[in-house]
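Enquirer: what follows is a protein structure lacking sequence information:
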């Protein structure tokens with residue numbers, strides 16, 4: 001380092017950081033899914049949480065692509081803005097929503113990190129390294 005400038009050299013091929021390989025919460029958590037566009041609300045179950053989004057099972061597909069998921073964990077509650085990236089019907093006729101987090105505030109990011117850390121500490125099997 002010289003005059004505030006640092007030089008780094010790669011010693012191996014560049015490998016991009018894959019956040020999908022990070023820990024995932026795979027337990028069911030109660031939630032409420034709200035459509036930002038239509039103001040509809042319905043109960044749901046969060047079946048997976050990972051660094052960039054989550055999967056939620058609901059009775060019917062909500063209107064619009066902009067959603068908000070409200071949930072509680074470890075004594076805290078959070079409203080997480082999400083974008084619907086995909087949906088599919090489950091074997092029992094419910095709808096699985098694949099959601100990507102929108103712009104999260106610092107407390108919302110901390111909430112998600114805490115969920116993932118608690119899941120990884122409680123059960124090593126929650127560390128799902130397979131991309132879905």
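Expert: Alright, I've got the coordinates. Because the structure is a prediction, the values reported are computed rather than measured.
Enquirer: list the contacts for the most centrally placed residue in the chain?
Expert: In the chain, the centroid-proximal residue (Cα atoms, centre = their mean) is residue 53; its distance is 2.6 Å. Residue 53 sits next to 82, 85, 98-101 when contact means Cβ atoms under 8 Å, 6 or more residues apart in numbering. No exception for glycine: its C-beta is placed from N, CA and C like everyone else's.
Enquirer: so residue 83 touches residue 98, yeah?
Expert: No. Checked against Cβ atoms under 8 Å, the pair residue 83 and residue 98 is beyond contact range at 9.9 Å.
Enquirer: of the two, which one has the most company?
Expert: residue 98 (17 against 14; other Cβ atoms under 10 Å).
Enquirer: what is the neighbour count of residue 11?
Expert: Residues near residue 11, counting by other Cβ under 10 Å, number 5.
Enquirer: let me know the secondary structure of it.
Expert: Assigned by DSSP: H, G, I helix; E, B strand; the rest coil, the conformation of residue 11 is coil.
Enquirer: quick check: phi and psi on it?
Expert: The phi/psi pair for residue 11 (degrees, to the nearest 10) reads phi -100, psi 0.
Enquirer: so which residues of the chain form helices?
Expert: 106-122 (DSSP state H).
Enquirer: among the helices and strands of it, which has the poorest mean pLDDT?
Expert: Across the helices and strands of the chain, mean confidence by mean pLDDT, DSSP states H and E is lowest for helix 106-122: a mean of 84.
Enquirer: in that one, what's buried?
Expert: 108, 111-112, 115-116, 119-120 (16 or more other Cβ atoms under 10 Å).
Enquirer: longest strand of this protein, counting residues only.
Expert: The longest strand of the chain (DSSP state E) is strand 76-89.
Enquirer: buried stuff in that one?
Expert: Neighbour-count burial for strand 76-89 flags 78, 80-82, 84 (criterion: 16+ other Cβ under 10 Å).
Enquirer: pLDDT added to those, as a markdown table?
Expert: Formatted as a markdown table, those follow (pLDDT from 0 to 100):
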| residue | pLDDT |
| --- | --- |
| 78 | 93 |
| 80 | 95 |
| 81 | 96 |
| 82 | 96 |
| 84 | 95 |
